[in-house]
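Sequence plus predicted model, see below.
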Amino acid sequence: MSRLRLHMPVWDFTCPDTFAASHLNRAVTCAGAVATEAEEKKKQKYCNLSATYCFIPVAVESAGAFGQDATEFLQELGRRIAAATGDPRATEFLFQRLSVAVQRGNAACVLGTCTDSCSDDFFIA
């Protein structure tokens, strides 16, 4: 991602639902296909940004797959974090943290569909 050195990076995050009926045809082709398509839509949305910006779409499917641009950006970001902190595991930690955030979002969506008595059932040990 040498383009990050030339322009100010800006990004937009999205998390498309892998299992939505409108995405199923692409979701079955390969992991990340829905996220990569969402990234392409974001690129179209922001195509008129000034040349001083480097727009980076970051898409992670609800099933956890990252889009191609998201993967490249996060690997570069992780490399920079590792260089700044000296921790060679920084990239892996970054991906893990984002994956957990997506899982928490999915859990919140599921719990949001439940009644109060239904949500109590999820926390019974």
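Structure's in. What do you need? Numbering: from 1, shown residues only.

Can you give the distance from stretch 19-33 to the centre of its chain?
Taking the mean C-alpha point of stretch 19-33 and that of its whole chain, the gap between them comes to 15 Å (CA atoms, centre = their mean, to the nearest Å).

Can you point out the buried residues in it?
Using 16 or more other CB atoms under 10 Å as the test for burial, stretch 19-33 gives His23, Arg26, Ala27, Gly32, Ala33. Using the backbone N, CA and C atoms, a C-beta is placed for each residue, glycine as well.

tell me which of the residues you listed is nearest to Ala90?
Ranking these by separation from Ala90, with CB to CB as the measure, puts Gly32 on top at 22.1 Å.

who's the residue nearest the centre of the chain bridged to?
Closest residue to the average C-alpha location of the chain: Val60 at 2.9 Å, with CA atoms, centre = their mean. For Val60, the beta-bridge partners are Phe66 (DSSP bridges).

give the contact list for it.
Phe13, Thr14, Cys15, Ala35, Phe66, Gly67, Ala70, Leu98, Ser99, Val102 (CB atoms under 8 Å, 6 or more residues apart in numbering).

again with Gln103
Shown in contact with Gln103 (CB under 8 Å, 6+ apart): Gly64.

Secondary structure element holding it?
When secondary structure is defined by DSSP states H and E, Gln103 falls within helix 90-112.

returning to that earlier point: can you name the two of the contacts of Val60 that are farthest apart?
Using CB to CB, these reach their maximum pairwise distance at Thr14 and Ser99, which is 15.6 Å.

Who has more neighbours out of those two?
Thr14 (16 against 13; other CB atoms under 10 Å).

What's the per-residue pLDDT of the more buried one here?
Looking at Thr14, its pLDDT is 91.

And Gly67, by the same measure?
Gly67 carries a pLDDT score of 93 in this model.
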